[in-house]
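J.: pasted the sequence and its predicted model underneath.
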Amino acid sequence: MQTDILIIGTGAAGLLAARNLARAGRSVRLLEGRDRPGGRVYSSDTGGFSRPVESGAEFLHGDVPLTRQLLQEAGIAYLDTAGINYEVAQGQTQPAESFFDDLPLLLEKLHALSHDMALAEFLEQYFPGEEYYLMREQVTRFAEGYDAADAHRASAFALREEWSGNGAEDSPRPEGGYSRLIAWLVQQAQAAGAHLELSCPVTALHWQPGQVRATSAEGRHFTAARALLTVPLGIWQAEAGQPGYLRLEPELPAHRAAARALGFGPVIKVLLEFTTPLWEHASAQVSRPLPDLGFLFSDASLPTWWSQLPDPSPVLTGWLAGPAAHQRRLTSDEDLLAEALASLAYLLGTTPAFLQEHLRAHRIVNWAADPLALGAYAYATLGAPEARATLATPLADTLFIAGEGVYDGPYIGTVEAALVSGAEAAEQLLQRP
C-alpha cells in the first residue's frame, strides 16, 4: 500500500494535516489505533447517557482563532458556559474566590525573575512562611488542576506568560460536542481523497531517507515516501515494553529525550448523569444544595466539578489532574467511581448511597491509563522551548512530527495547539516536492 504520506494518529492535528495535504493533491493514508477518529476528543452518549458527554476536550479556552474559524466553516455554533462558581472548604460553601485576587503581587515577583525555575521552588523562595500558605496552596492547586502540571517541574516563566494574559476568559463549548468538529474534518479529508484506517495501532516504524514502513499490531504493513507522526506526547515518552510504545528503527534518541523532558499531564474525568439535577435544591437528603451550579472547587479528594449549564441536563463532570491523577492512574474504575460519589456526597451534604440510587449513567475516563494516550495534555517544563524544538525537528526530509505536545505558543495543551501544529506540519510537507 504505497502512498505519499502516512499520518500516524487521527487526532485534531492529524486530521487537519490530512485534509490540507489531500486538498493539495498529495496521497494520504491515516493510521489510527482506536476504532474511532479523534484521539483525545471524544463526545459520546454510550453507557446510557441521554446526551453526548465529553470524555476528553470540552471547552474553547480563550480566543483560539483557528478552532473558531474551523467551527464556523463547519457550521458548528459554540455556547458560553453559565451558572455560579462555588467553593467548598471544610464543609463550608461560598462563592468561589481565585488566587488571581493576588495576581498583581504574584506577577510582580514573577516578572522580577532573572532566570526560570520550577513553580514550587519559586513559591517557596518568594512567598515563604505562614503568611503566604494559603496563596501557595491556591497557586499550586490551580497549576495542578488547570494545567495538569507537576508544580515541581512546571516552568515559572511559562506560567507567568499564561497568567499575564489571564482575565475573565470565556470558555464556551462546541454545540453538540467537540466530536462534531472531528467528524467534519474526517469528511473533509476523505472528500479530498485521504484514506482512513481505524483499529490499526502502529507498533513499529522502519524508516530511511525517502522511505517509511509502518507495521500494525496485526502485522499489516503500510509504506510511504514520508510520515507525519501526530501521536500524543505520552507515546513518545513511553519506555520499551510499555503499552503504547512505538518502536522506531533506526531509533531517535534525541527526540525521545526531548519528549521526556516535556510535561504531559494526567487527567481523570468522572462523568455522572443523575435522574434529576439533585444539587439544585435542598431536600431531606441534600443539606448543602448548589443552585445554578456552574463550577465547583473544593477540598474534596475529587476536587473540581461542573455542570452543563446553560444546558439543564442532570450531568456533572468530576475532574482530577496533575500529581493526584498520576497517583491514581492504576486505580480501578470501580474505586474511582466510589471516590467520586464520596466526594460529591461530602460537597452536597448527602450520602453516597443516595447519589448511587439516583445515578442513571456514569463513565470513568482515566487518560493516564489509556495505552494510546498515556496522558491528557502538555504543560511547559523548564527548558520546554528547546525540548519542543528538538522533538519537532524533521528527520532526513522523511519523518515529520506534529501534535499539541510540540506546539509552542499561547494555547499549549488545547485543541487549538493540535490544530495549529497539524496545519504547520502540512505546510512543511507541502514545501517538499
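T.: Looks like it came in fine. Fair warning: this is a prediction, and the values are worked out from it, not measured in the lab.
J.: quick one: residue 26 and residue 433 touch, right?
T.: No - if you go by Cβ atoms under 8 Å, residue 26 and residue 433 don't touch, sitting 10.9 Å apart. For every residue, glycine as well, the C-beta is placed using N, CA and C.
J.: so between these two, which is more surrounded?
T.: Shown here are residue 26 and residue 433; by other Cβ atoms under 10 Å, residue 26 has more neighbours (21 against 4).
J.: got a list of what that one touches?
T.: Residue 26 sits next to 4, 5, 429, 430 when contact means Cβ atoms under 8 Å, 6 or more residues apart in numbering.
J.: flag every buried residue along stretch 378-387.
T.: Buried residues in stretch 378-387, counting neighbours by 16 or more other Cβ atoms under 10 Å, are found at 378, 379, 380, 381, 382, 384, 387.
J.: show me those residues that map onto strands.
T.: Those of the buried residues of stretch 378-387 mapping onto strands are 378, 379, per DSSP state E.
J.: for the buried residues of stretch 378-387, name the two members farthest from one another.
T.: 378 and 382 (14.0 Å; Cβ to Cβ).
J.: what's residue 146 sitting at in phi/psi?
T.: Main-chain torsions, residue 146, degrees, to the nearest 10: phi -80, psi -50.
J.: hmm, back to that, which of the contacts of residue 26 are buried? Put it as a ChimeraX command.
T.: In ChimeraX, this line selects whichever of the contacts of residue 26 come out buried by 16+ other Cβ under 10 Å:
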select :4,5,429
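J.: how near is residue 243 to residue 368?
T.: Relative to residue 368, residue 243 is positioned 12 Å away (Cβ to Cβ, to the nearest Å).
J.: helix or strand: which one has the residue of the chain positioned farthest from its centre?
T.: In the chain, the greatest distance from the average C-alpha position (Cα atoms, centre = their mean) is reached by residue 284, at 38.5 Å. Of the helices and strands defined by DSSP states H and E, none includes residue 284.
J.: residue 280 now?
T.: Counting by DSSP H and E, residue 280 is found in no helix or strand.
J.: now it. Its backbone dihedrals?
T.: Torsion angles, degrees, to the nearest 10, at residue 280: phi -80, psi -30.
J.: I'd say it and residue 293 touch.
T.: Yes - if you go by Cβ under 8 Å, residue 280 and residue 293 touch, sitting 7.4 Å apart.
J.: neighbour count: these two, which is higher?
T.: Per other Cβ under 10 Å, whichever of residue 280 and residue 293 has more neighbours is residue 293, with 21 against 16.
J.: that one pairs with what?
T.: Residue 293 forms beta bridges with residue 84, as assigned by DSSP bridges.
J.: what sits against it?
T.: 83, 84, 86, 279, 280, 305, 306, 307, 309.
J.: quick check, nearest of those residues to residue 416?
T.: Using Cβ to Cβ, the contacts of residue 293 come closest to residue 416 at residue 306, 20.3 Å.
J.: if the closest one is in a bridge, with which residues?
T.: residue 295, residue 317.
J.: for residue 363, see how far away it is.
T.: As judged by Cβ to Cβ, residue 306 and residue 363 stand 15 Å apart.
J.: and the gap between the residue farthest from the centre of the chain and residue 351?
T.: Residue 284 is 12 Å from residue 351, by Cβ to Cβ.
J.: any low-confidence regions in the stretch 101-250 of the chain?
T.: Applying pLDDT under 70 to the stretch 101-250 of the chain picks out residues 101, 166-169.
J.: so residue 140 belongs to a strand, correct?
T.: No - counting by DSSP: H, G, I helix; E, B strand; the rest coil, one finds residue 140 to be helix, located in no strand.
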